[in-house]
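A.B. asks: build me a model:
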Amino acid sequence: MVSCHENEPNTEKDAKSEANFGKWNTTNSNFNSTNMTRFAYGIAANVLSVLLYGSNLVPVKKIETGDGMFFQWVNCASIWVVSMIGNLVLNSPTFYPLAMLGGFLWTTGNLAVVPIVKAVGLAVGVLIWGSASLMMGWASSRFGWFGITPHEVARPILNYCGVGMCLLSGLIFFFVKTDAKMRPNPESIPLLIDRRTHSGSIGPSSTVFWIDKIAPRPRQILGCLLAVFAGLLFGSSYVPILYIKTHSSCRDSVFHGASDYDLDYVFAECCGIFVTSTVYFAIYSTAMNNKPRVYSRVILPGLMTGVMWTLSTYSWFLACNYLSAVITFPIVTAGYGLVAGLWGSLVFQEIKGKTNFFIFLLGSCVVLIGSLLTAISKF
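C.D. replies: This is a model prediction of the structure:
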């Protein structure tokens with residue numbers, strides 16, 4: 001636990017509150033709003049974040065992405081552009097390079113998204129990595145891991161029960177059998193293939209991804225393990241920002257005087273995302289002898305996915321100001337998993353059969369109850 005908050009002079013606290021006034025920052029006591037109003041704003045921001053996070057992969061669900069490296073780079077470039085606009089709207093707050101570490105963690109986890117979706121489908125993949133992300137994000141903020149201040153709630157029992165039910169929903173969704181196969185499309189050909197020398201061999205067989213060569217059962221297990229790995233990294237991506245905010249009141253810290261407003265750190269994190277994705281893509285292109293698999297049809301959907309992800313991140317960080325990470329993490333991670341599950345089951349028909357639908361419905365009810373318990377634990 002960090003105790004430097006207790007030693008901060010009142011004059012410095014007042015100065016920080018005044019600096020953040022007018023930026024929707026509800027963490028200071030001078031904000032002219034009731035607790036219920038802040039709660040309503042926080043829930044509204046959470047709902048928007050859940051809908052966008054749960055839907056951001058929909059534009060590329062039926063688009064051939066190959067190994068996903070080019071798609072990720074396009075996606076991350078879009079994220080960086082949108083965050084740059086947001087940074088200008090926020091009058092270019094102080095840039096802290098440590099926040100870029102969160103972008104590195106997120107991008108590293110995001111490398112596994114395409115293999116996960118191909119192995120276990122959009123619905124189960126998002127639900128599993130959402131559960132892992134929930135556990136990491138909630139535990140680090142609740143118990144003060146990695147040198148950040150523990151977040152307290154008014155009703156800890158409700159908070160624990162809510163998180164437990166959200167995790168239970170992830171286990172329930174694990175037993176949902178999905179059909180994640182995508183029909184090969186002869187028109188889905190890498191843009192950089194030399195058609196004159198490959199005119200007789202171009203087709204679905206030339207674009208087979210490595211995970212598609214694995215037998216169904218091992219592929220499903222590998223997809224689930226990758227989803228857990230990605231979720232742990234996703235759940236850790238917010239920790240650097242919490243660390244900066246925790247040490248903003250420490251006189252001997254390089255982060256002394258840092259902003260308490262979460263949105264001020266989005267641009268730095270997105271810079272980390274774009275830089276990391278560019279490095280990964282350069283390494284990938286080198287390993288491919290400068291012949292990366294570039295699918296032209298993924299460009300616009302990838303840009304759209306990046307826009308949706310960035311807007312959902314801004315909404316979530318705004319919700320963290322009205323509530324706290326220990327409240328928003330379970331709601332957002334469990335909620336967007338449910339939204340993705342609905343897309344996968346109702347639109348893409350990944351979930352078939354009465355038994356699977358019953359299991360999915362049971363998990364949906366559990367996650368909704370868990371999110372509700374987590375939300376009301378604030379008061």
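
A.B. asks: next, count neighbours for residue 289.
C.D. replies: A count of nearby residues for residue 289, using other CB atoms under 10 Å, gives 7. No exception for glycine: its C-beta is placed from N, CA and C like everyone else's.

A.B. asks: let me redo that: residue 73
C.D. replies: Using other CB under 10 Å, residue 73 has 22 neighbouring residues.

A.B. asks: ok, now residue 231?
C.D. replies: Residue 231 has 29 nearby residues by other CB under 10 Å.

A.B. asks: where does the stretch 101-250 of the chain have low pLDDT?
C.D. replies: Applying pLDDT under 70 to the stretch 101-250 of the chain flags the ranges 178-209.

A.B. asks: what ranges do the helices span in it?
C.D. replies: Using DSSP state H, counting those that start in this stretch, the helices of the stretch 101-250 of the chain run over 113-143, 156-174, 216-236, 239-246.

A.B. asks: any buried residues in stretch 151-165, and which?
C.D. replies: Across stretch 151-165, burial judged by 16 or more other CB atoms under 10 Å covers 151, 153, 158, 159, 160, 161, 162, 163, 165.

A.B. asks: I'd like those residues as TSV, with distance to residue 289 appended.
C.D. replies: As requested, the buried residues of stretch 151-165 are exported to TSV (distance: CB to CB, whole Å):
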residue	distance to residue 289
151	49
153	54
158	56
159	52
160	53
161	54
162	51
163	47
165	50
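
A.B. asks: just the helices of the stretch 101-250 of the chain: most buried one?
C.D. replies: helix 113-143 (a mean of 26; mean count of other CB atoms under 10 Å).

A.B. asks: now that helix and helix 156-174, what's the angle there?
C.D. replies: Counting by axes from the mean of the first three to the mean of the last three CA atoms, to 10 degrees, helix 113-143 points 160 degrees away from the direction of helix 156-174.

A.B. asks: now for helix 113-143, which elements pack on it?
C.D. replies: The contact analysis (3 or more CB pairs under 8 Å, 6 or more residues apart in numbering; DSSP states H and E) places helix 113-143 against helix 69-89, helix 156-174, helix 216-236, helix 239-246, helix 325-342.

A.B. asks: rerun at 7 Å
C.D. replies: Judged by 3 or more CB pairs under 7 Å, 6 or more residues apart in numbering; DSSP states H and E, the packing partners of helix 113-143 are helix 156-174, helix 216-236, helix 325-342.

A.B. asks: what's the closest of the ones you listed to residue 66?
C.D. replies: helix 216-236 (16.8 Å; CB to CB).

A.B. asks: looking at the buried residues of stretch 151-165, which is nearest residue 374?
C.D. replies: residue 162 (3.3 Å).

A.B. asks: give me the three-state assignment for the closest residue to residue 93 other than its chain neighbours.
C.D. replies: Excluding the flanking residues, the one nearest residue 93 by CB to CB, 6 or more residues apart in numbering is residue 264, at 3.8 Å. Secondary structure assignment for residue 264 (DSSP: H, G, I helix; E, B strand; the rest coil): helix.

A.B. asks: give me the neighbour count for residue 264.
C.D. replies: Around residue 264 there are 26 other residues, counting by other CB under 10 Å.

A.B. asks: next one: residue 252
C.D. replies: 7.
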